[in-house]
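[1] coordinates only, sequence not included:
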Ligand code: HEC
Ligand SMILES: [Cu+2]
């Protein structure tokens, strides 16, 4: 490295631009300095300079031979080395930057074709929080930016002072360290100032936090229950009281995921039955879970609340806009954690009333009379649907199960002539919940799915379980 640098300098000196006449006084001053000669010779027309391989400088003036080797002129060669390194670095940086540029350009181009922002849901290349739809979310944004700005200002101020001081007082320019230790003024200042700043940030943050937790005086109370892997919504109080349904991932989404071919802006966010709420009304969401911990999160509303089995937690929101808003289970809850999205549909007051009416009618029509006596074929047909919706994810469509999930095809429990055995498994679960309890299904649904399993695949028991038998077993 140094050898080659020297060679370059030698060529430069020999190039004629310099021989016999130092065109650049600065350079000569350098050499002169290195040789210990006076700077005056700088503009003498007939000085000649040369540098040996070892970095020694020779100087020849009028009437003088080559002077004995002076001190090494590393300053020149080092300067040259530095310039070369800097050039190298900047060239490498430029090529890296252009490569990064090309790469992101490609990514943006492909992404732009594939998906668009989902209003109320995630945006393409989203950096900021979701656009707020509630006062709370708005305040969270404000807090976030306020604190980020304060932190940035402090960061820049502290590091500027630090770097400036280090640079300005470095040893190589001859600075001697000060010898004082302890300064009461400074110590009081740097304790009091951060304390004040923290208090200033904590005050508004606490205000928002308290507002977030104030779930009183709700217009509507909905219980959200986390299941592996879906949400159950029960309207407990307010308009729509008594409505209750399960919200699962839309089956087309599951198919796309299985095929590895995502499509659409609401990929894995589309559900069969969204949570429907009225606009401008305070909605209290009570969260709990049936199996493991889940979490109910809707970013646009600024809410995120754990749903814990055996516990009840709550949160609230008042949506200020109608529309569709999306969230997801936000607590790792098993292998299909990514498949239990939350879709909240905010309707105007009239639309909401209409929706409630319609749902009430539907539920009444669907409400199965548990005392109805079914024919085997009808019940099994109904059971096939229940099975596909609830059981096939684990036991497979062919009833063979997988790994620790026992097969139902040929299972002793399913074939047993004591029908109550399987009824008990479905109502209570088995093996500490490895097989979950299905008591949230209706008597008819449970009776139907049992009848289906008892008369499908190689199971040909001819047995039928009537809803009344399930109802009786519940007690
Ligand atoms: C989350 C996965 C999962 C789902 C969903 C599920 N099961 Fe199971 N099921 C299991 C596991 C695991 C077992 C085995 C438990 C054990 O080790 O004893 C099991 C066992 C059973 C058994 C007992 C089998 C035997 O031979 O002991 C029956 C009956 C059964 N399930 C029926 C159903 C029905 C009907 C549904 C739908 C309503 C269903 N399961 C949904 C996981 C599941
Ligand atoms: Cu979950």
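    Great, that's in hand. From a predicted model like this one, the values you see are computed outputs, not experimental measurements. Ligands and ions are numbered 1, 2, ... in the order given.
[2] you'd agree residue 441 is up against residue 390?
    Yes: Residue 441 lies in contact with residue 390 (CB atoms under 8 Å); the separation is 7.1 Å. C-beta coordinates here come from the backbone N, C-alpha and C atoms, glycine included.
[3] Show me whatever sits in contact with both of the two.
    residue 449 (CB atoms under 8 Å, 6 or more residues apart in numbering).
[4] For ligand 1, see how far away residue 360 is.
    26 Å (CB to the nearest ligand atom, to the nearest Å).
[5] just the strands in the protein please.
    Taking DSSP state E to define them, one finds strands in the chain at 48-51, 57-60, 220-227, 230-237, 244-247, 275-278, 283-289, 294-298, 303-307, 313-317, 323-329, 341-347.
[6] Can you tell me which of those strands is packed in deepest?
    Most buried of those by mean neighbour count (mean count of other CB atoms under 10 Å) is strand 294-298; its value is a mean of 26.
[7] With mean pLDDT and distance to ligand 1 as extra columns, can I get the strands of the chain in CSV?
    Formatted as CSV, the strands of the chain follow (pLDDT from 0 to 100; distance: least, CB to the nearest ligand atom, whole Å):
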stretch, mean pLDDT, distance to ligand 1
strand 48-51, 61, 81
strand 57-60, 63, 84
strand 220-227, 95, 9
strand 230-237, 94, 10
strand 244-247, 92, 12
strand 275-278, 96, 22
strand 283-289, 96, 14
strand 294-298, 96, 14
strand 303-307, 95, 17
strand 313-317, 95, 24
strand 323-329, 95, 15
strand 341-347, 95, 18
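[8] which one of the ones you listed lies closest to residue 152?
    strand 303-307 (25.5 Å; CB to CB).
[9] Next, see if the closest one gets close to ligand 2.
    No: applying CB under 5 Å from the ion, one finds strand 303-307 out of contact with ligand 2, separated by at least 7.7 Å.
[10] circling back to that earlier point, among the strands of the chain, which is nearest residue 202?
    strand 303-307 (20.7 Å).
[11] Quick one: the strands of the chain as TSV, columns for distance to residue 386 too.
    Output for the strands of the chain, formatted as TSV (distance: least, CB to CB, whole Å):
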stretch	distance to residue 386
strand 48-51	93
strand 57-60	95
strand 220-227	15
strand 230-237	14
strand 244-247	12
strand 275-278	22
strand 283-289	22
strand 294-298	23
strand 303-307	24
strand 313-317	30
strand 323-329	23
strand 341-347	22
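[12] Which one of those lies nearest to residue 114?
    Short answer: strand 323-329, nearest of the strands of the chain by CB to CB, at 18.1 Å.
[13] Which residues does that closest one contact?
    Against strand 323-329 from outside (CB under 8 Å, 6+ apart): 118-122, 133, 226, 229, 231, 266, 269, 274, 294-301, 319, 337-338, 340-346.
[14] Please determine how far the closest residue to residue 382 other than its chain neighbours is located from residue 273.
    Distances taken as CB to CB, 6 or more residues apart in numbering put residue 448 closest to residue 382, at 4.0 Å, once the chain neighbours are dropped. Residue 448 sits at a distance of 20 Å from residue 273 (criterion: CB to CB, to the nearest Å).
[15] Quick check: residue 322 touching residue 347?
    Yes: using CB under 8 Å, residue 322 is in contact with residue 347, at 6.0 Å.
[16] For the two, list the residues in contact with both.
    Joint contacts of residue 322 and residue 347 (CB under 8 Å, 6+ apart) are residue 279.
[17] Would you mind listing the residues in contact with the closest residue to ligand 1 within the stretch 1-150 of the chain?
    Closest residue of the stretch 1-150 of the chain to ligand 1, CB to the nearest ligand atom: residue 121 (27.3 Å). The contact partners of residue 121, by CB under 8 Å, 6+ apart, come to 130, 265-266, 269, 324-326.
[18] Next, it: phi, psi?
    Per-residue torsions, residue 121: phi -130, psi -160 (degrees, to the nearest 10).
[19] What separation do you get for it and residue 226?
    20 Å.
[20] okay, now residue 179: neighbour count?
    5 (other CB atoms under 10 Å).
[21] That one: what's it in contact with?
    By CB under 8 Å, 6+ apart, the contact set of residue 179 is empty.
[22] Roughly how far does it sit from residue 339?
    67 Å.
[23] ok, now residue 412?
    32 Å.
[24] Out of the helices and strands in this structure, which is least certain?
    Least confident helix or strand of the chain, by mean pLDDT, DSSP states H and E, is helix 25-35 with a mean of 44.
[25] rewinding a little: residue 412 and residue 339: which has the busier surroundings?
    Between residue 412 and residue 339, residue 339 has the larger neighbour count (other CB under 10 Å), namely 19 against 8.
[26] which one is that one nearest to, not counting chain neighbours?
    residue 249 (4.9 Å).
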